[in-house]
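**Student:** quick one, structure for this:
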Amino acid sequence: MTAGASAMATGTAVADTAAETVIVKPGARFVPRATSVLNAGDTGFLTAREGDDRLRWTDYASGTETVLPDRLPKAPEYDPEAVRPRGDWPTGFGHGSDTVAVYAESPSPHVTLRQGAGGGPVTSIAIPEGRTYVGTYGTTVVTRTGTESTVAGLHLLRTANGEVEDQRLEGLPEGWNLSVSDGDARSVVIRGISWEGTTMAQGWWLVDLASGTLQALDEHASDVTLGTDTLLQVGSYAAELFDREDLSAEPRSFDLRRYEHDTTFRMLGNSLVGVAPVSTGNNEYRGDNLVRISDDGRTTGDLLAVAHPDLARTPDGSLLVAGAETRTAEGPLDWGYYRFTEAADGTVKRTRVADIEDMPARPAGIALGSGILTTADDSRLFQPATYIGAYRSTWLKTSGRPDEVRTTVDGLTSGRDADCGWGGDEPYCVTLLASGDGLHGRREGTERGQTMLFRNGAEDWGPQLTTGLMTPRLVDLSGRFGVVNEASGAGQKVVEFQGSTDSGKVLETRSQTVAALWGNMLWSNLPGSPTVASKTLTTGAAGASFTTPNQCVPTELQAVGRWVHWLCRDGGWVKGAGVYDRQTGRFVTAPDDDTLLADGYFVTHEEGGGLTLFDLHNGLPAGGTYADLPQRTLVDAADLGRSTVRRSGWTVDRFGGHVAYTGDDRRVRIVPTGVPAPALTVIDTEAPGGSLDLRASAPHWQGSWWLSKPAASWQLTLRNTASGAAVRTLSGGEARGLVTASWDGRTAAGAYAPNGAYTWTLTAAPADGVGAALTTSGTVELTGGAAVARDFVGNDGFGDLLAFTSAGTADWRAGTGTGTGRVEDKVSATGWTGDDTVTAAVPFEDINGDRCNDVLVRTKAGELRAYKPACGAAFKPSTPYTRIGAGWNMFDALTSPGDMTGDGHADLLGRTPEGDLYFYRGRGNGLFEPRVKIGYSWHGYLLAGMGDLDGDGNGDLLARDRSGLVWRYPSTGNGTLGTRVQVGYGWTMYDTMVGSGDLNGDGRADLLARDASGVLWSYRGDGKGALAARVKVGGSWQMYQHLF
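**Tutor:** Residues are numbered from 1 along each chain as shown. Presented below is the predicted three-dimensional model:
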């Protein structure tokens, strides 16, 4: 009952520009298509098949099928669970010859006799008034008088010389239920039953069709069938085989105590064969094996692995059987018609005559998210007490016409969901929800006490969690978040699904209220309140809210993009429904019917009607009523079929997609809406902005971005924040609802990326081509990677200063990364005295592969050592070192400009008191190639190895002469220095200059200089070879004897 009017297409029509509807190829039902052999003739046979109103004649020799011009009144139906036809199946089309009989009521009751595949003579026999057609055997038509349960008489109609002879069968009891149980062109077997109270009387008769004479058979038989020359009479646990021409002759006996009472037995030549009925007790709904039986009842061999118990005999004594040669535990069988013939030596020949096409699986539920169709149908396995079938995933094209791309058969599905109702003819109903990122859930999605999702394309369970609710029901789902209600209405859980095990978590436990999810945005109202509010689940931050215009309390919410749909129901009455535009804050009413909201439109289903689409993408009408919205009938009522429960019989793709529905032909149809989806956006993000420590176990940084609609491709670029250099670009193709990228902290070449801050930028192109490309960014701090030049403490990518006091204390003074270039916090160690007294030190590269920079130290004895401190550790005399060599007191200055040859290894310069400058090419392991003299007259210069000062990738040298001029000597890349360039003057006040690496976080080499009064100054490098104006960064630095 509704208090308002139902939707009628009275508003502006939506232009029907949508592409043609796509019919999705169905899966095959686990239970094969039901068939019936209506007539087995001399050269072929006539069949009726489930779901098909055509009559087909199949030729034995070629397997060629001919469709007869006559049609059945309706397509036959079959109930797989009850293992029986649904309603009456067709009969009376002839037996035992190529003559096909077709009965018709109009213009008057008559039977038309024609050759099976056509082309032969056609005879029409009128059914006399007061008669009922029973069947045709050969060319003899059998009719009856009286009713089916109280037959007054049976008549044979034969044609001779253009006339119809009418013969009443004499000797049959009147008032009995008389039926023909078997027959061919020569004889029929009649069974008669009569009830007197609770007492049943029975009789069997064999009728010769040529003469109309009767022979009585054993009244205690349970079944009587004809062979070519035999008559098989089955009784209680035994059977007797008679000579059809001499029933008085001694019969052949069979012991049937090993077989079920309703096993079907037939003679195949001289052999008895049997097939047990389809048994639901052992969950076998497809048939049993066809076996050969000896006289003493033993099974002497299988003739067919799976056989339908409908065994049809041909005039030559062969048997026609529907079945399969191989039984499979799951999935469809290779079902077909087989002809069995026994040779004179007793061998049996099996011939596959014709294929039987699979029966389409019946969809019990559908979901559509980001162009992935999920179908719950009766394929793969059918054990209705536990499993009704399986989930099937179909990927559709996300641009243009939504054609199929690929299909998988996934995990098993079971049950019937609570919101499906119990009316109609649909035996099963599953309400499905699509997460939009390749997962799906169902309302009754509980397995072994856990609420779970299933992954499209996978057979295993997907993410799952324990809610603690007695009867949990999944009521909404978007990406990783879900809302789960207690069936009794007592409580509600807002949850996050994670991983593929019970690793999800409950984010919120609260009293049950209406709630809706879009990405990480949760919309809900307080119980009993007309106000609906939103919040971000990842941060808890409150968002937009609104109050329903008529102050009604919502009992249903849906949220997609900028739209929120609500419906207020009080008992059986709808008090109001509408859509809120959170972008403009405006409202529009909505129909009272079942509704599903998508991104830019909503679809309604009116009881007894089809599906109507309402277009929102251009905004809401000024009048605020749905009648003014552009709208059109998307699916007619006749096309929608019997399954009208939303998310079971029809659904929408709220992630930028189309509409799907199931028809009575068991096919799912995808209907393009013609409504463009909004621009691609991120609706949820899980991209940690903390740090990536490459020294951790299996280190990686992973970001996940949930999308509002599919992307055609994506790219994630990681740039060093300081330098702006891209160190790694990750990319991928199509992304349906989710982009996940993982960075292992390495460069594209596989090397460790330098420590420091990184900026990630994700770009994604919309698959539908609508709207601009998506761009979003964030940051991550990398530690434990390749050591940045002169970064010894903090693993932060900033240069540090090494300072020694005269008392032998070594301090690391850590760069702060601030714009001023300060060095502050210190990590200290003592003991650099005696033999360990330091006369020169060169902060150097990582020489032992531990991703920590190392230090070259010259002792007072002239020994050069390569110390290998741990990252961030104090610099102690006990720090492990390698002796490089003695005699290094020959130099009055040692410094490292960095890599001067382009081989990736730091190099060393040494100057003698005479002014000779020597180059030592580093091997990367703390050892050097033999020295090479590269200059002279360098005495009087204060030297500072700078690293790459001008941005050409080669290490440079800074030198101040006696007059205070400062010169940059660029490296040539081959171990020599190029033409000098003046970069400063008036620097005579400095007693120390140190190339300190990047101090301010801009990725460029900087300089520290100490003046004679102990003030420390910072010079910021511009990356082009020049230095910015100095900034004072400290005083009292004269406490240090040496700065390196």
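**Student:** from here on, contacts and neighbour counts on C-alpha atoms
**Tutor:** OK.
**Student:** what residues does Thr99 make contact with?
**Tutor:** Neighbour list for Thr99: 41, 113-116, 138-139 [criterion: CA atoms under 8 Å, 6 or more residues apart in numbering].
**Student:** helix or strand with the lowest mean pLDDT in this protein?
**Tutor:** strand 446-447 (a mean of 76; mean pLDDT, DSSP states H and E).
**Student:** picking that back up, is it possible to get JSON lines of the contacts of Thr99 that adds pLDDT and distance to Pro73?
**Tutor:** Converted to JSON lines, the contacts of Thr99 look like this (pLDDT from 0 to 100; distance: CA to CA, whole Å):
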{"residue": "Gly41", "pLDDT": "97", "distance to Pro73": "23"}
{"residue": "Leu113", "pLDDT": "96", "distance to Pro73": "18"}
{"residue": "Arg114", "pLDDT": "93", "distance to Pro73": "19"}
{"residue": "Gln115", "pLDDT": "89", "distance to Pro73": "21"}
{"residue": "Gly116", "pLDDT": "82", "distance to Pro73": "19"}
{"residue": "Gly138", "pLDDT": "97", "distance to Pro73": "24"}
{"residue": "Thr139", "pLDDT": "96", "distance to Pro73": "24"}
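**Student:** which of the residues you listed are buried?
**Tutor:** Neighbour counting over the contacts of Thr99 (16 or more other CA atoms under 10 Å) leaves 41, 113-116, 138-139 as the buried ones.
**Student:** just flag the most distant two among those.
**Tutor:** Gly41 and Leu113 (13.3 Å; CA to CA).
**Student:** what's opposite Leu977 in the beta bridge?
**Tutor:** Here Leu977 sits in beta bridges with Ser971, going by DSSP bridges.
**Student:** tell me how many other residues crowd it.
**Tutor:** Leu977 has 19 neighbours, counted by other CA atoms under 10 Å.
**Student:** just the element for the residue of the chain most remote from its centre, please.
**Tutor:** Largest separation from the mean C-alpha position in the chain: Glu914, at 75.6 Å (CA atoms, centre = their mean). Assigned by DSSP states H and E, Glu914 falls within no helix or strand.
**Student:** burial measure for the nearest residue to Asp437 once chain neighbours are set aside, as a count.
**Tutor:** Sequence neighbours aside, Gly737 is the residue nearest to Asp437 in space, at 4.3 Å (criterion: CA to CA, 6 or more residues apart in numbering). Gly737 has 27 neighbours, counted by other CA under 10 Å.
**Student:** got any ranges where the chain has weak pLDDT?
**Tutor:** Scanning the chain with the threshold set as pLDDT under 70 gives 1-19, 418-419, 421-426.
**Student:** just give me the residue right at the centre of the chain.
**Tutor:** Nearest to the chain centroid, counting by CA atoms, centre = their mean: Asn456, 2.1 Å.
**Student:** can I assume that one is in contact with His440?
**Tutor:** Yes - at 7.1 Å, Asn456 and His440 qualify as touching, with contact defined as CA atoms under 8 Å.
**Student:** what's the neighbour count on Gly834?
**Tutor:** 11.
**Student:** what sits up against stretch 901-916?
**Tutor:** With CA under 8 Å, 6+ apart, stretch 901-916 has contacts from 844-845, 890-900, 917-924, 933-940, 953-954, 972-975.
**Student:** only the buried members of those residues: can you turn that into a ChimeraX selection?
**Tutor:** Those of the contacts of stretch 901-916 that count as buried under 16+ other CA under 10 Å are selected in ChimeraX with:
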select :844,845,891,893,894,895,896,897,898,899,900,917,918,919,920,921,922,924,938,939,953,954,972,973,975
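**Student:** before we move on, back to that, need the buried ones among the contacts of Thr99 in TSV with secondary structure and distance to Ala434, can you?
**Tutor:** Putting these into TSV (DSSP: H, G, I helix; E, B strand; the rest coil; distance: CA to CA, whole Å) gives the following:
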residue	secondary structure	distance to Ala434
Gly41	coil	53
Leu113	strand	56
Arg114	strand	55
Gln115	strand	54
Gly116	coil	51
Gly138	coil	58
Thr139	coil	60
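**Student:** out of these, who's nearest Ala1028?
**Tutor:** Gly116 (101.6 Å).
**Student:** my guess is the closest one contacts Gly44. True?
**Tutor:** Yes - the criterion here is CA under 8 Å, and Gly116 meets it with Gly44 at 7.3 Å.
**Student:** between the two, which contacts overlap?
**Tutor:** 57, 98.
**Student:** for the residue lying closest to Met359 once chain neighbours are set aside, give its distance to Gly663.
**Tutor:** Leaving aside its sequence neighbours, Met359 sits nearest to Arg33 (CA to CA, 6+ apart; 4.7 Å). Using CA to CA, to the nearest Å, one gets 18 Å for the distance from Arg33 to Gly663.
**Student:** the more surrounded of the two?
**Tutor:** Neighbours per residue (other CA under 10 Å) separate Arg33 from Gly663, with Arg33 holding more: 23 against 19.
**Student:** how far away is the more buried one from Asp639?
**Tutor:** 23 Å.
**Student:** do the same with Leu716
**Tutor:** For Leu716, the distance to Asp639 - CA to CA - is 45 Å.
**Student:** spit out the contact partners of Asp892.
**Tutor:** Contacts for Asp892 (CA under 8 Å, 6+ apart) come out as 910-913.
**Student:** can you pull the buried residues of stretch 802-815?
**Tutor:** For stretch 802-815, by 16+ other CA under 10 Å, it's 802-805, 808-815.
**Student:** dump it to PDB, restricted to CA.
**Tutor:** Output of stretch 802-815 as PDB, limited to C-alpha atoms (Å, rounded to 0.1, in the frame of the first residue of the first chain):
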ATOM      1  CA  LEU A 802      80.900  15.800  11.200                       C
ATOM      2  CA  ALA A 803      82.700  17.800  13.900                       C
ATOM      3  CA  PHE A 804      85.700  16.900  16.100                       C
ATOM      4  CA  THR A 805      86.700  18.700  19.300                       C
ATOM      5  CA  SER A 806      90.300  19.000  20.400                       C
ATOM      6  CA  ALA A 807      89.400  16.600  23.300                       C
ATOM      7  CA  GLY A 808      88.600  13.800  20.800                       C
ATOM      8  CA  THR A 809      84.800  14.000  20.700                       C
ATOM      9  CA  ALA A 810      83.100  13.300  17.400                       C
ATOM     10  CA  ASP A 811      79.700  14.900  16.800                       C
ATOM     11  CA  TRP A 812      77.300  14.200  14.000                       C
ATOM     12  CA  ARG A 813      75.300  17.400  13.600                       C
ATOM     13  CA  ALA A 814      72.100  16.500  11.900                       C
ATOM     14  CA  GLY A 815      70.700  18.500   9.000                       C
END
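**Student:** just checking the distance from it to the centre of its chain.
**Tutor:** 59 Å (CA atoms, centre = their mean, to the nearest Å).
**Student:** could you find the closest non-adjacent residue to Trp523?
**Tutor:** Residue nearest to Trp523 in three dimensions, not counting chain neighbours: Ser534, with 4.3 Å by CA to CA, 6+ apart.
**Student:** isn't there a strand covering that neighbour?
**Tutor:** Yes - judged by DSSP: H, G, I helix; E, B strand; the rest coil, Ser534 forms part of a strand.
**Student:** tally of neighbours for it?
**Tutor:** 20.
**Student:** relative to Gln558, how far out is it?
**Tutor:** 12 Å.
**Student:** now Gly227
**Tutor:** From Gly227 to Gln558 the distance is 67 Å (CA to CA).
**Student:** so which strand or helix has the residue nearest to Ser318 when sequence neighbours are not counted?
**Tutor:** Closest residue in space to Ser318, ignoring its immediate chain neighbours: Thr341 at 4.7 Å, by CA to CA, 6+ apart. Element membership of Thr341, judged by DSSP H and E, is strand 336-342.
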